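Enquirer: The sequence and its predicted three-dimensional model are supplied below.
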Amino acid sequence: QVQLVESGGELVQAGGSLRLSCAASGRTFSNYAMGWFRQAPGKEREFVAAISTHGGRIVYADSVKGRFTISRDNAKNTVYLQMNSLAPEDTAVYYCAAASYYYTASSRYDYWGRGTQVTVSS
């Protein structure tokens, strides 16, 4: 089992920045690729970004490319999502997840956190 706990979500004005963190415990963190997903009210959960086990490979959704940066620190068992130039459409609950590969499909992820709320005001 892998336990994941997200933090860092809050209310921010459009154009602002936030850094989300996801702390992992349980099994060896560096054995897992990590992903960030988000779900806005009334919408399906969507892929945001994913990173391979040691950070060498990264993929982003087109909607966040150039604004968001995913990274990980295996010594701290933590994955991050730096979010810049935030817009109201980024408002959602953000989830981190762990999988054997840096998939973009949420169905391929085995472990999930409970999410952290990001609200961007216009």
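Expert: Sure thing, it's come through. Numbering: from 1, shown residues only.

Enquirer: For the residue nearest in space to the middle of the chain, which non-adjacent residue is spatially closest?
Expert: By C-alpha atoms, centre = their mean, the chain has its centre lying nearest to Trp36, at 2.5 Å. Nearest residue to Trp36 in three dimensions, chain neighbours excluded: Val48, at 4.2 Å (C-beta to C-beta, 6 or more residues apart in numbering). From N, CA and C alone the C-beta is placed, and that goes for glycine too.

Enquirer: contacting residues around that neighbour?
Expert: Going by C-beta atoms under 8 Å, 6 or more residues apart in numbering, Val48 touches Gly35, Trp36, Phe37, Arg38, Tyr60, Ala61, Val64, Phe68, Ile70, Leu81, Tyr94.

Enquirer: Let me know the closest of those to Glu6.
Expert: Tyr94 (6.5 Å; C-beta to C-beta).

Enquirer: May I have the beta-bridge partners of that closest one?
Expert: Arg38, Thr116 (DSSP bridges).

Enquirer: gap between it and Ser21?
Expert: 11 Å (C-beta to C-beta, to the nearest Å).

Enquirer: for Leu11, same thing?
Expert: 17 Å.

Enquirer: For the two, indicate the residue with more neighbours.
Expert: Shown here are Leu11 and Ser21; by other C-beta atoms under 10 Å, Ser21 has more neighbours (17 against 12).

Enquirer: Surely the more buried one is in contact with Met83?
Expert: No - under the criterion of C-beta atoms under 8 Å, Ser21 is not in contact with Met83, lying 11.8 Å apart.

Enquirer: rewinding a little: mind picking the two most distant members of the contacts of Val48?
Expert: The largest distance within the contacts of Val48, taken as C-beta to C-beta, falls between Tyr60 and Tyr94 and amounts to 14.1 Å.

Enquirer: Between those two, which has more neighbouring residues?
Expert: Neighbours were counted for Tyr60 and for Tyr94 using other C-beta under 10 Å; Tyr94 has more, 23 against 19.

Enquirer: And that one, what's its pLDDT?
Expert: Tyr94 carries a pLDDT value of 98.

Enquirer: Verify the contact between it and Phe37 for me.
Expert: Yes - if you go by C-beta under 8 Å, Tyr94 and Phe37 touch, sitting 7.3 Å apart.

Enquirer: Many thanks, I have nothing further to ask.
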